[in-house]
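# any chance you could fold what I've pasted below:
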Amino acid sequence: MPRSLHVRLDDTSAAALEVVRAGEMTDSEAVRTALREAAARRRARSALRDEVRRLAADDGDREEMRIVREQLADLAPRPPD
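Here you go, the predicted structure:
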C-alpha cells in the first residue's frame, strides 16, 4: 500500500530537491529517486564495511598484504644521501 509522507524543507533541502528534480520530475518522483539512491549508497557502504572486516580478520590475507608491502618497499627508489 502506498504511503504518504509530508515534510517541511529547509532552504538547503529545498535546493537539493531542485537539483534532484532537474526540472524533469515531480517533487514526489524526486523524493522517491533520492530515497532509492540514498538507500543504495548505504547498502554499498555497509557491504564495503563488511568486506573490510572480513579481510581484517583473514590472517592469510593480512600476511599476503605484509609481503606485498615489503616487496613494494624494496622496489621504491631510495632517497639521495
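# and the biggest helix by length in the chain, what's buried?
Secondary structure of the chain per DSSP state H: the longest helix is helix 27-56. Buried residues in helix 27-56, counting neighbours by 16 or more other Cβ atoms under 10 Å, are found at 30-31, 34. Using the backbone N, CA and C atoms, a C-beta is placed for each residue, glycine as well.
# helix, strand or coil for Met25?
Per DSSP: H, G, I helix; E, B strand; the rest coil, the local secondary structure of Met25 is coil.
# pLDDT below threshold where in this protein?
The chain contains no residues with pLDDT under 70.
# repeat the analysis, applying 80 as the threshold.
1 (pLDDT under 80).
# what's the burial count for the closest residue to Leu55 other than its chain neighbours?
In space, and not counting its chain neighbours, Leu55 is closest to Asp61: 5.3 Å by Cβ to Cβ, 6 or more residues apart in numbering. Number of residues near Asp61 (other Cβ atoms under 10 Å) recorded here: 12.
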